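> here are the coordinates; sequence isn't available:
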C-alpha cells in the first residue's frame, strides 16, 4: 500500500492512469453488447466472429509501426494519435451497418487501439524509477481493469434499457474526455538514442520476448473466446442475466491487479504467469462441459484472475529484461501477440461455433491455451 500511494503521487502516472481508465471504459462499454446486437440484426455466428476478431488483425498489422513511433517520436504523441483514431472509430457505429462496413470499421478500430495501447503502456512504464517499473505497470493495469469492469458491467444494462445508439454515444463521450485529459494532465517523455536500438526482427527473435508473447496470446485467446461466445451461449441456453459473467470478471480482474505485485514477490514472474494460465484453461473447460448461469460466474472469476495477473506480470518481466531503446518494440510485440489471440479466439472459433456448437468452441480454446502455455514454459524455465 505504501508503494501504491507513492506511485499515485506521481502526477505523470496519475494522468496516464486516468486517461487509460476513461479510454478502456469507452471501448469496453461496446464489447459485451456488440455480439448480441449483431445477432439480433441477423448476422450469423461466423460473421459475428469475424467482425469481433478483425479488430485484432488491424492492430497486429501496424504493431511494428506503433513500436517505431514510440521509440522514435515518443509515447505521448503516439497515445494522442491513437486517441484521435479511436474517436473516429467509435463515431462510425452511429452511421455504419451491415457486415462489410462493420468489418472495415472494426479493422480501423484495431489500428487505433494498436497506436494507443503501445503508447500508453510504454508511457506508464517510463514514469517511475526502474525498480518500481513492475509496480507501475501493475497499478496502471489496475486502472485499466477498473475501466473495463465499469464498462462491461454497465453495457448490458444500458443496452437493454436504452439501445445501441445510447451505448455508442456514451462510448464516444468518454473517448473525447480521455483525449482532453491526455492533453491537460501529461507531458512528453525523453526518447532513447537511436544508436542503442536494434532491428525489430532481432527483438522478436529473443526468447525473453517470444515466450511471454505466446503466454499473452493464450490469455487473450481465452478472453476473446469468452467475451464473444458467452453472450451467445447464454442466448442459446435462455440465460437472460449473462452480464453476471462480466461482473464476476470485472471484480476478479481488479482484485488480481491489486495483488499481482505480491504474487510476483512470492514467486518468479514466469511461475506466476504459468499458474494464472491454468485458471484460464479451467474457465473455458467449465464453460465447455458444464454451462449454466452459476458456471458463468465461476468462469468469469477464473478468467478474470488469470487475465488480471498475466498481462502486468509479463509486461513487467519484459521491461526489466529488454534493451530500453527497444522497449516500445518489445511491448508492441507482446501486445501484438495478444491481438492475434483476440482475433483467433473470436473469428476462427466463430466457424467452429456454427459447425460444431459451443462445447467444441470452449474445448478447442482450452487445447490452444495449453499448447501455448507449454511453449512459454519451455522458453522461460
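Okay, I see it. Since the model is a prediction, treat every value here as computed from it, not as a measurement.

> nearest residue to residue 350 other than its sequence neighbours?
Nearest residue to residue 350 in three dimensions, chain neighbours excluded: residue 49, at 1.9 Å (Cβ to Cβ, 6 or more residues apart in numbering). C-beta here means a position set from N, CA and C on the backbone, and glycine is covered the same way.

> so who does the one you found touch?
Going by Cβ atoms under 8 Å, 6 or more residues apart in numbering, residue 49 touches 228, 346, 347, 348, 349, 350, 351, 353.

> Return the member of those residues nearest to residue 369.
residue 349 (12.2 Å; Cβ to Cβ).

> Next up, the contacts around residue 240.
Taking Cβ under 8 Å, 6+ apart as the test, what residue 240 contacts is residue 234.

> try residue 289
Residue 289 makes contact with 359, 363, according to Cβ under 8 Å, 6+ apart.

> just wondering, since we're on it, how far is it from residue 234?
Relative to residue 234, residue 289 is positioned 16 Å away (Cβ to Cβ, to the nearest Å).

> Let me know the average pLDDT across stretch 253-265.
Mean pLDDT, stretch 253-265: 81.

> Give me the buried positions along it.
By neighbour count with 16 or more other Cβ atoms under 10 Å, stretch 253-265 contains the buried residues 253, 254, 255, 256, 257, 258, 259, 260, 261, 263, 264.

> So which of those belong to helices?
Here DSSP state H is the test, and the buried residues of stretch 253-265 give 253, 254, 255, 256, 257, 258, 259, 260, 261, 263, 264 as lying in helices.

> mind checking how far the fifth one is from residue 153?
It stands for residue 257. For residue 257, the distance to residue 153 - Cβ to Cβ - is 16 Å.

> shaky segments in the stretch 1-150 of the chain?
1-3, 130-131, 134 (pLDDT under 70).

> returning to that earlier point: closest one to residue 296 out of the buried residues of stretch 253-265, please.
residue 253 (15.3 Å).

> quick one: that closest one and residue 307 touch, right?
Yes - applying Cβ atoms under 8 Å, one finds residue 253 in contact with residue 307, separated by 5.9 Å.

> before we move on, what SS does residue 30 have?
coil (DSSP: H, G, I helix; E, B strand; the rest coil).

> so how far is residue 171 from residue 156?
For residue 156, the distance to residue 171 - Cβ to Cβ - is 14 Å.

> no, scratch that, I was asking about residue 110
Counting by Cβ to Cβ, the gap from residue 110 to residue 171 is 16 Å.

> give me the element residue 190 is part of.
Using DSSP states H and E, residue 190 sits in no helix or strand.

> pLDDT score assigned to it?
For residue 190, the predicted pLDDT is 77.

> got the contact list for it?
By Cβ under 8 Å, 6+ apart, residue 190 lies in contact with residue 74.

> can you give me phi and psi for it?
Main-chain dihedrals, residue 190, degrees, to the nearest 10: phi -70, psi 150.

> please begin residue numbering at 896 from this point
All set: I'll call the first residue 896, so the last point we hit is now residue 1085.

> And it, how far from residue 966?
Distance of residue 1085 to residue 966, given as Cβ to Cβ: 12 Å.

> what's the answer for residue 1017, then?
9 Å.

> Quick one: the helices in the stretch 1096-1245 of the chain, in order.
Taking DSSP state H, counting those that start in this stretch, the helices of the stretch 1096-1245 of the chain run over residues 1102-1132, 1138-1161, 1164-1184, 1188-1214, 1222-1241, 1243-1251.

> next one: the next helix or strand after the shortest one to chain centre, how far?
Toward the C-terminus, helix 1243-1251 is succeeded by helix 1253-1275 as the next helix or strand (DSSP H and E). Using Cα atoms, centre = their mean, to the nearest Å, the distance from the centre of helix 1253-1275 to the centre of the chain it belongs to is 18 Å.

> thinking again about what came up before, give me the buried subset of the contacts of residue 944.
Buried, going by 16+ other Cβ under 10 Å: 1123, 1241, 1242, 1243, 1244, 1245, 1248, out of the contacts of residue 944.

> ok, the fifth one - contacts?
Think residue 1244. Applying Cβ under 8 Å, 6+ apart, we find residue 1244 in contact with 944, 1120, 1123, 1124, 1256, 1259, 1260.

> any idea how far residue 955 is from it?
Residue 1244 sits 17 Å away from residue 955 when distances are taken as Cβ to Cβ.

> Then the third one?
Per Cβ to Cβ, residue 1242 is found 12 Å from residue 955.

> ditto for residue 1267
With Cβ to Cβ as the criterion, residue 1267 and residue 955 are 16 Å apart.

> next SSE after whichever strand or helix holds the residue nearest to residue 1245?
Here residue 944 sits within helix 940-968, counting by DSSP H and E. For helix 940-968, the following helix or strand on the C-terminal side (DSSP H and E) is helix 970-986.

> got the angle between the next helix or strand after that next one and helix 1188-1214?
Of the helices and strands lying after helix 970-986 in sequence (DSSP H and E), the nearest is helix 994-1020. Helix 994-1020 runs at 50 degrees relative to helix 1188-1214, counting by axes from the mean of the first three to the mean of the last three Cα atoms, to 10 degrees.

> List the buried residues for helix 994-1020?
994, 997-998, 1000-1020.

> Same check on stretch 1192-1199?
For stretch 1192-1199, the neighbour count (16+ other Cβ under 10 Å) marks 1192, 1193, 1194, 1195, 1196, 1197, 1198, 1199 as buried.

> With pLDDT and distance to residue 1274 as extra columns, can I get these in TSV?
Shown next, in TSV, are the buried residues of stretch 1192-1199 (pLDDT from 0 to 100; distance: Cβ to Cβ, whole Å):
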residue	pLDDT	distance to residue 1274
1192	93	34
1193	95	31
1194	95	28
1195	94	30
1196	95	29
1197	96	24
1198	93	23
1199	92	26
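
> Which single one of those residues is nearest to residue 923?
Proximity of the buried residues of stretch 1192-1199 to residue 923 (Cβ to Cβ) peaks at residue 1199, which lies at 13.2 Å.
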